[in-house]
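Student: Attaching a predicted model along with its sequence, questions to come.
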Amino acid sequence: MDYSEILKEGARQFNIDLSSEQIDKFMVYKKLLLEWNEKINLTAIEDEGEVIIKHFLDSISCLLTDKFTNHCTVIDVGTGAGFPGLPIKIVRQDISVTLLDSLNKRINFLNEVINKLYLPAVETLHGRAEDIGNNKYREKFDISISRAVANLSVLAEYCLPLVKIGGYFISMKGPDVKEELEQANKAIDILGGELSDVKLVRLPFTEINHSLVIVKKIRQCPTKYPRKAGKPAKEPIR
């Protein structure tokens, strides 16, 4: 099975039918990712098949939730090499996506991918979540999503201030999130959220299970959050 077929069949397992144009975009994305990865550290995954499964298919698994409504606005916090925001955008061109990252060299990579793939309604944003959560982006988005490696309490403080009331924060986690959820309950409540669902996803062609933690924003986030840069990670809300 070639890489295009792995992508096509894997997406089909999520009930997503990719067009030949979308598959071509993913293949260009893969090529750029591996080329740039030789210059700057974007991913530890260098096998092409694994890029498709563990980055592309993993990212679009988020669409198994019913939260990505037509023309919704999404911010990907700590996007890195564009995951999950860019794969979601390739599949769902109707939505608007903002890719947030604190490293400018990663933003440069993302801008090249966006230009090469001719993707409309995608914005790159260089900055920290703690800072943009206190400016014009506060409570602007329908969905804030993150695959970043951080504790759920910390991610909640990064992401929930960016979400409109009635919107959702979606955190991509490993299979066992029970303990982390228990530790994050207070933070989620303080920040104006409530747990809506935890969806377990099996990655195609693997034995790997991931969790999608879905938190609904039910009331306004207190103005003192997010705290200054670095504070949420050092002193998570407990």
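Tutor: Yes, it's here. No experiment lies behind these values; they were computed from the predicted model shown. Numbers count the residues shown, from 1 in each chain.
Student: quick one, longest helix in the chain?
Tutor: The single longest helix within the chain, with elements called by DSSP state H, is helix 20-37.
Student: buried stuff in the helix or strand that that one is followed by?
Tutor: Using DSSP states H and E, the helix or strand that follows helix 20-37 in sequence is helix 48-50. Across helix 48-50, burial judged by 16 or more other Cβ atoms under 10 Å covers E48. C-beta here means a position set from N, CA and C on the backbone, and glycine is covered the same way.
Student: go on, stretch 120-138?
Tutor: Applying 16+ other Cβ under 10 Å to stretch 120-138 flags 122, 124-130, 132-134, 137-138 as buried.
Student: Same question for stretch 107-123.
Tutor: Residues I107, F109, L110, V113, I114, L117, L119, V122 are the ones in stretch 107-123 that count as buried (16+ other Cβ under 10 Å).
Student: mind showing which ranges of this protein have poor pLDDT?
Tutor: For the chain, the stretches with pLDDT under 70 are 1.
Student: so where do the strands sit in the protein?
Tutor: Ranges of strands within the chain are 73-77, 96-101, 122-126, 141-146, 163-173, 193-202, 209-217, based on DSSP state E.
Student: winner for burial among those strands?
Tutor: Ranked by mean neighbour count under mean count of other Cβ atoms under 10 Å, these are led by strand 141-146, which reaches a mean of 27.
Student: what does that one rub up against?
Tutor: With Cβ atoms under 8 Å, 6 or more residues apart in numbering as the test, strand 141-146 has contacts from 62, 67-69, 72-78, 84-85, 88, 98, 155, 158-160, 162-164, 167-172.
Student: Ok, stretch 94-113 next?
Tutor: Here stretch 94-113 makes contact (Cβ under 8 Å, 6+ apart) with 28-29, 32-33, 36, 40, 42, 68, 70-82, 85-86, 88-89, 119, 121-129, 132, 137, 141.
Student: swap the cut-off to 6 Å and go again
Tutor: 29, 32, 36, 40, 70-77, 79, 82, 85, 89, 121-126, 128 (Cβ atoms under 6 Å, 6 or more residues apart in numbering).
Student: what's the answer for stretch 10-30, then?
Tutor: By Cβ under 6 Å, 6+ apart, stretch 10-30 touches S4, L7, K8, V51, F56, L57, L64, I90, V113, K116, L117, P204.
Student: Include distance to I23 when you put the strands of the chain into TSV, please.
Tutor: Output for the strands of the chain, formatted as TSV (distance: least, Cβ to Cβ, whole Å):
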stretch	distance to I23
strand 73-77	22
strand 96-101	19
strand 122-126	19
strand 141-146	23
strand 163-173	23
strand 193-202	21
strand 209-217	23
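Student: closest to Y225 out of those?
Tutor: strand 193-202 (11.3 Å; Cβ to Cβ).
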